[in-house]
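Undergrad: sequence first, predicted coordinates after that:
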Amino acid sequence: MSRLIKLTHGVAAYVEDTFVSLADEDAIPETGDVILSLSRFQLEGDALLSSNSRKVGVRIEPSEEVEALAYDLPRLALVAVAFPKFRDGRAYTSARLLRERLNYAGEVRAVGDVLQEQAGFMVRCGFDAFVPADGAGPEAWTRAVGRFRHVYQRAADGRPAALEERTA
Amino acid sequence: MYQYDAIDREFLVDRSNEFRGQVQRRLAGELTEDQFKPLRLMNGLYLQLHAYMLRVAIPYGSLNPAQMRRLAWIARTYDKGYGHMTTRQNIQFNWVKLKDAPDILDALAQVDLHAIQTSGNCIRNTTSDPYAGATAEEVDDPRVWCEVIRQWSTLHPEFSYLPRKFKIAVTASARDRTAAKVHDIGLMLRRARDGSLGFEVIVGGGQGRTPHVGPTIKEHLPVGRLLSYLEAVLRVYNRHGRRDNIYKARIKILVAALGAEEFGRQVEEEWAKIDAARADLPDTELARIRGAFAATPFETLPAVSEPFEAARAASPALQRFVRNNVKPHKKPGYAIVEISLKAQGQTPGDATADQLDVVADLAERYGLNDVRVTHAQNLVLPHVKLDDLPAVHAALAAADLATANIDLASDIIACPGLDYCALANARAIGVAQDIAAKFADEDRAETVGELKIKISGCINACGHHHVAHIGILGVDKKGEEFYQLSLGGSGAEDASIGKILGPALPADKVAGAIDTLVEAYLGLRNGEERFLDTYRRVGLEPFKEAVYVQAD
Amino acid sequence: MKAITANRLLDGEVVFWKAGQWVDAFGDAQLFDNDDAAVEAAVATGKGQPTVVVDVYPIDLTPSEGHWAPVSYRERIRALGPTNEPTHGKQAEGGEAIDALRHAAGAARSTGRVDLIRRK
C-alpha cells in the first residue's frame, strides 16, 4: 500500500492518511474520514457532512468537470484528482481550476497512476498531496519542486515566472 | 536575434540534468520502457530502425553560426557526419546512442539549443516564416510571437500531457511559407483597417490519416491577448479532445466533431473566464523580446549593386541561381538566399557536417550571423548583400550547395521513410531521388516551373504529401512498397488537400508517372499557369487519363 | 524458419538472438526451424531483460542465395542499414550474408510485377 505524501512549504513528508477512499458499492463506515466519487457525493454528501463528525473528500475522474464542486468546496477537506493513466493530462487542468479559478485552499491529492517523473507538473498545477504508484518517497517530491531553478509560466504554485524574475 | 539570458541558460542545464537522471534510472531498471518513452520523446529521442534518433529543435527555424557549427560537431562526433532537416524546422541525427544523449543535450545547451518538446503529446517547436525579419511582405516580425510562445509552452505544467501532439505555426506575410493552415493552430498576423495588429486564428488543420484545412475561429485576436487565448484553446482541447483512440486524438477531430463555430464558442466561453492580467504577457516583457529582434545591423546600401550586376551578366550559372534561389529583401541592397539541400542524388534535407560548417562561415562572413531552416528542408541566408552574392554563390557551389531549384520539381520534400523510420511503410528517399533525376535538366525544370512534389513513407504525412501539388504516399501491400499519387494539394495561403489520382503504383513506376503528369500539364497549361493552377482549372481527369489506361 | 530480433537499450543497435546472447549480425542469428515453443521461450527470455533490449519479436525468414533473409522488407533494412547510404550500418561489413540480404526478393521488395500502368 502506497503511503500518502504531503507537500508543505516546498518540503514533502509522509503523513498519516485518515481517509478511506470508497468505491460506489462500498458501505459507508460508521466513523472516519471518507473520499467519495463525485456522483455519490452529490447523492449522499449532504447527509454525511451534516453529521459533522467526519471529514469528506471527493474523487474527480478525468471526464468529470471540477466546476461541479464549486459550491461544495468550502465544505470539502480534500479533492482527490485521479490519474487513471499517467499520460492522461486532464487532471492537471482540474487541479489548476480548483486552485486558480475556484480558489480552493484545501488539499488537492493526486491518486491513481501517480509517478515521480510527473511530480513537477503536478506541483505547479496545485497538487499538494500524492499517493505515488511507483513507491517514490517524499525526497522525490521535494526534488521535483526544486528541479528547475526557473519556470516560464505563472501557475497555481505561485512561483514567479521567468518574465517576473527578469523585472525583479 | 533573441539572445538567451541566464534564466534561459540555467533552464536548459536543469533540463539536461533531469534527463541524465532519467536515463540512469531507465538503465538501472527503475523506470519501465513504457514510463521512460514519453520522457525521452519530450527530449526529442526516438528509437528508430537502426538506432536512436535525436530531433533537435530549431526554434522558429533560426540559427546562429555557433549553433550551426555545434550541430556539425554533433554530426561528426555522435552521428555519421550528417544531419537531416525536417518539415517542421528541426534537425534530426539518425545514429544516436541512448548513453550519449545526455552529453549531446549538454553540448546543445552550451549554445542555447535543445531538444525539448520536439516529440511527445505536448506543444511542439513553433514554426515560422524562414524569411522573417527579411521580407517586405510581413506586417510584423513573427519571430517575436514565436519566442513568446516558446517560453510559454516550455514545460507547460497543464499542457504537457495533451491527448496528442500539438503544433503551432506563426506567419506574418500574405504568402504563407509555414503551412499554417495545416497546423493544430495557425496564427496569421494581419493589420486591421484601424491599423491594429491581430492574429487570424486557424484551429484544427492537420494532415495524417484525416487531413483538414483548418477553419478560422477568430478573425482578429488582438496580439496582446495571444497567450490567454492560446490557454483557452489548449484547455478546451485538453479537457475534451479524445483520448480513447490515438487516430482521433488530434484537435482537428474535436474541431470537426463540434464544428468550428461551436468549438470557437467554447473557446470564447473559456477565454472570458481566464484572468487576462495573469495569463497575458506584460508589455514590458513583450518589448524586451521585440527589442532582441529589432536590432539587425543593416547597412544603408544602394538598391542596385554594380559588382553583382557585372558578375551576373558574366555567369549563366549565377543567373539561374538568382532566378530560382534569390528572393527580394526589405532593405535596399540586400537579398534573401535559399540554399537547396536537394542536389541530384542527395537525400532530401540532408546536410553533411562540412556543409553545415560552410553555411555557418557564410552566415558569419556575409549573412549577419543568421541562418534559417525551412519546412521544405532547405536552408536560408536571410540577409546577404547583393555585393556579396557572387562570392556566396561561388562558396556554395564549391560545397555542392548551389543547386538552383527552389520550388521546382526536383526540390522534393521527403520524410526519412522506411530507410530510417520505425513508423514507415515504404521508402521515400529513393523515390525522391528517382523523380529528381527526371528533372536533372535544369532548363526543363525551369520550363515546368513551380511544382511542389512531396513524399511521405506512411499516412502520418511527415512528408506533407496531402498538401503537395503532386503528393506521393508510400503504402505497404503484402510486404511490397507501393505509392499512391494525389494531385492538387497546397500547404500555402491557398491551402487545399490533394485528391487521390488512382490505384497505387509500384516503386519503379513512380518517377515515370510523375514525368507523364508533367508532360500532360505542359500540354494543358495556359500561359504562365503553375501546375497547381492548371490542375485547379481542368481537374483530375486529364491527368488520370494520362497515367492510367485500361489494362488489356 | 524464424529468427528473433530486438533493439539494444543502450545504443539502439539492431540485435538478434543467439543461444541466450544478443548478436549484432543477422548472419550470426540463431535459426528456429518449426519450433514455436523454442521461439516463444526465447522471446519470453528477451522480454525479461528490459535493461538489455527493447521490442523483442520473432521474424519470418525466406531462403536467399544459400542463406536466409527476413521476409519483410522492413526487417531486411533493419538487418542491413539504410538503402540511401550503402556504407552506413551493418551492411558496411559486406560479405556473402550481406549480399544475400540485399538480393533477397521474397514477398517484400517492390518488384514491379503488378503492372498497373500502360503508356498510350
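TA: That came through, no problem. Numbers count the residues shown, from 1 in each chain, chains lettered A, B, ... in the order given.

Undergrad: top helix in the chain by residue count?
TA: This is for chain A. helix A:38-51 (DSSP state H).

Undergrad: please go with chain B instead
TA: Assigned via DSSP H, chain B shows its longest helix as helix B:6-27.

Undergrad: buried set for that helix?
TA: B:7-8, B:10-12, B:14-19, B:22-23, B:25-27 (16 or more other C-beta atoms under 10 Å in any protein chain shown). (Glycine included, C-beta is placed from N, CA and C.)

Undergrad: can you tell me how far B:Leu517 sits from chain A?
TA: Distance, B:Leu517 to chain A, by C-beta to the nearest C-beta, to the nearest Å: 43 Å.

Undergrad: which stretches of chain A form strands?
TA: Ranges of strands in chain A, per DSSP state E, are A:5-8, A:11-14, A:19-21, A:33-37, A:56-60, A:78-83, A:107-112, A:129-130.

Undergrad: and those strands, which is most packed in?
TA: strand A:129-130 (a mean of 26; mean count of other C-beta atoms under 10 Å in any protein chain shown).

Undergrad: which neighbours does that strand have in its sheet, and in what orientation?
TA: strand A:5-8 (antiparallel), strand A:107-112 (parallel) (DSSP bridges).

Undergrad: which helices and strands does the longest helix of chain A pack with?
TA: strand A:33-37, strand A:56-60 (3 or more C-beta pairs under 8 Å, 6 or more residues apart in numbering or on different chains; DSSP states H and E).

Undergrad: need the strands paired with strand A:129-130 in TSV with distance to B:Ile406 and mean pLDDT, can you?
TA: TSV is the format used below for the strands paired with strand A:129-130 (distance: least, C-beta to C-beta, whole Å; pLDDT from 0 to 100):
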stretch	distance to B:Ile406	mean pLDDT
strand A:5-8	55	96
strand A:107-112	51	98
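
Undergrad: out of the ones you listed, the one nearest B:Asn90 is which?
TA: strand A:107-112 (32.6 Å; C-beta to C-beta).

Undergrad: strand A:33-37 and that closest one, what's the angle between them?
TA: 60 degrees (axes from the mean of the first three to the mean of the last three C-alpha atoms, to 10 degrees).

Undergrad: run the chain-centre distance for strand A:107-112.
TA: Offset of strand A:107-112 from its chain centre (C-alpha atoms, centre = their mean, to the nearest Å): 3 Å.

Undergrad: kindly report the same for stretch C:31-44.
TA: That offset, for stretch C:31-44, works out to 16 Å (C-alpha atoms, centre = their mean).

Undergrad: and it, does that touch chain B?
TA: No. Residues of stretch C:31-44 contacting chain B under C-beta under 8 Å from any C-beta of the partner chain: none, with a closest distance of 15.6 Å.

Undergrad: residues of that stretch that come out buried?
TA: C:Phe32, C:Val39, C:Ala42, C:Val43.

Undergrad: check stretch B:130-147 too.
TA: For stretch B:130-147, using 16+ other C-beta under 10 Å, the buried residues are B:130-135, B:137-138, B:140-147.

Undergrad: quick one: name the residues of chain A near chain B.
TA: Going by C-beta under 8 Å from any C-beta, the residues of chain A near chain B are A:62, A:65, A:86-90, A:92-93, A:96, A:100-101, A:115, A:117-118, A:120-121, A:124-125, A:134, A:147-156, A:162-163, A:165-167.

Undergrad: quick revisit: and the strands of chain A: which comes nearest B:Gly527?
TA: strand A:78-83 (61.4 Å).

Undergrad: for that closest one, name the packing helices and strands.
TA: Counting by 3+ C-beta pairs under 8 Å, 6+ apart, strand A:78-83 packs on strand A:56-60, helix A:90-96, strand A:107-112.

Undergrad: one step back: list the buried residues for the longest helix of chain A?
TA: Buried residues in helix A:38-51 (16+ other C-beta under 10 Å): A:Leu38, A:Arg40, A:Phe41, A:Gly45, A:Leu48, A:Leu49.

Undergrad: got it, and stretch B:383-398?
TA: In stretch B:383-398, the ones that count as buried by 16+ other C-beta under 10 Å are B:383-393, B:395-396.

Undergrad: for chain C, which segments are assigned as helices?
TA: With DSSP H as the criterion, chain C has helices spanning C:36-47, C:73-80, C:96-103.

Undergrad: elements contacting the longest one?
TA: Helices and strands in packing contact with helix C:36-47 are listed as strand C:2-8, strand C:53-64; criterion 3+ C-beta pairs under 8 Å, 6+ apart.

Undergrad: deepest of these, which one?
TA: strand C:2-8 (a mean of 22).

Undergrad: quick one, that strand and helix C:73-80 angle?
TA: Using the same axes, to 10 degrees: strand C:2-8 against helix C:73-80 is 60 degrees.

Undergrad: measure the residue of chain A found nearest chain C to B:Leu31 for me?
TA: With C-beta to the nearest C-beta, the shortest gap between chain A and chain C falls at A:Asp134, namely 15.1 Å. Per C-beta to C-beta, to the nearest Å, A:Asp134 is found 9 Å from B:Leu31.

Undergrad: what residues does the stretch 251-400 of chain B put near chain C?
TA: Going by C-beta under 8 Å from any C-beta, the residues of the stretch 251-400 of chain B near chain C are B:Thr347.

Undergrad: could you chop chain B up by domain?
TA: The domain map for chain B lists B:6-109, B:134-291, B:306-398, B:413-547, with the assignment taken from automatic domain parsing.

Undergrad: how distant is the first one from the center of its chain?
TA: A distance of 18 Å separates the centroid of the chain from that of domain B:6-109, by C-alpha atoms, centre = their mean.

Undergrad: and that domain, does that touch chain C?
TA: Yes. Using C-beta under 8 Å from any C-beta, we find that domain B:6-109 touches chain C at B:26-29, B:32-33, B:47-52, B:80, B:94-99.

Undergrad: which stretches of chain C have low pLDDT?
TA: C:106-120 (pLDDT under 70).

Undergrad: ok, the closest residue to chain A within chain B to chain C distance?
TA: Distances between chain B and chain A by C-beta to the nearest C-beta are smallest at B:Tyr161, namely 2.9 Å. Distance, B:Tyr161 to chain C, using C-beta to the nearest C-beta: 22 Å.

Undergrad: so C:Glu93 makes contact with C:Gly27?
TA: No. Counting by C-beta atoms under 8 Å, C:Glu93 does not reach C:Gly27; the two are 9.1 Å apart.

Undergrad: looking at these two, which has the bigger crowd around it?
TA: C:Gly27 (18 against 12; other C-beta atoms under 10 Å in any protein chain shown).

Undergrad: quick check, pLDDT for B:Leu501.
TA: For B:Leu501, the pLDDT comes out at 97.

Undergrad: quickly note the distance from it to chain C.
TA: 11 Å.

Undergrad: just give the nearest non-adjacent residue to that residue, would you?
TA: B:Leu485 (4.3 Å; C-beta to C-beta, 6 or more residues apart in numbering or on different chains).
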